[in-house]
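Trainee: A structural model of the following input is requested.
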Amino acid sequence: MNHKAISIRPFIGAKDYELSRAFYRDLGFEEIVLSPDMCLFKTGLLGFYLQKAWVKDWIDNSMIFLEVDDVNRYWKELLALNLEEKYAGVRLTPVKNDTWGSECFLHDPSGILWHFGQFNNG
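Mentor: So this is what the prediction gives:
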C-alpha cells in the first residue's frame, strides 16, 4: 500500500457535550461546528472530532497522544489554565521522563486521557 495520508482524526465522546466543548476551547483548540451533535477541534493541521455520545467503556479506554515541541513549556501553560479548578473530573499529571522522551497527562471532563509528549532527538 502506498499511503498518501493528509490527516488522521480520532473520534472521541463526551459525557457532557457542552462542558467538553468549552473545555477544548479553553485548551486552545479551534472549534468547527459540524452538526448539533459533532464538532471538529483543530490546532494547525491536526484535529479530532468530539461527538455528543458517551459509552463508559469506550471513554474509559480512550487515549490520545499529542506530540508537542516543548513538553515542559506545555506543562506550565496547562497549569496556568486552572483546568482542575474550572472543570470537575479534570486531572493533570506532571511531566515524566522516559527513555524515549517526556510526557505529561491530562484527563478531560469525560475521563479521556491525553498524553502530551516530546520525543528525544535521535
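Trainee: Any buried residues in stretch 94-103, and which?
Mentor: 95, 102, 103 (16 or more other C-beta atoms under 10 Å). Every residue, glycine included, has its C-beta placed from N, CA and C.
Trainee: now the chain, which segments are flagged as low pLDDT?
Mentor: The model of the chain has pLDDT under 70 over residues 122.
Trainee: Sketch out the strands for it, chain order is fine.
Mentor: Taking DSSP state E, the strands of the chain run over residues 11-12, 30-35, 38-43, 46-51, 63-67, 91-97, 101-107, 113-119.
Trainee: Make a markdown table out of those and add distance to residue 24.
Mentor: Converted to a markdown table, the strands of the chain look like this (distance: least, C-beta to C-beta, whole Å):
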| stretch | distance to residue 24 |
| --- | --- |
| strand 11-12 | 10 |
| strand 30-35 | 7 |
| strand 38-43 | 5 |
| strand 46-51 | 7 |
| strand 63-67 | 11 |
| strand 91-97 | 15 |
| strand 101-107 | 11 |
| strand 113-119 | 10 |
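Trainee: Deepest in the core, which of these is it.
Mentor: strand 101-107 (a mean of 19; mean count of other C-beta atoms under 10 Å).
Trainee: Of the buried residues of stretch 94-103, just say which sits nearest to residue 17.
Mentor: For those, the closest approach to residue 17 (C-beta to C-beta) belongs to residue 103, at 27.4 Å.
Trainee: No further questions, thank you.
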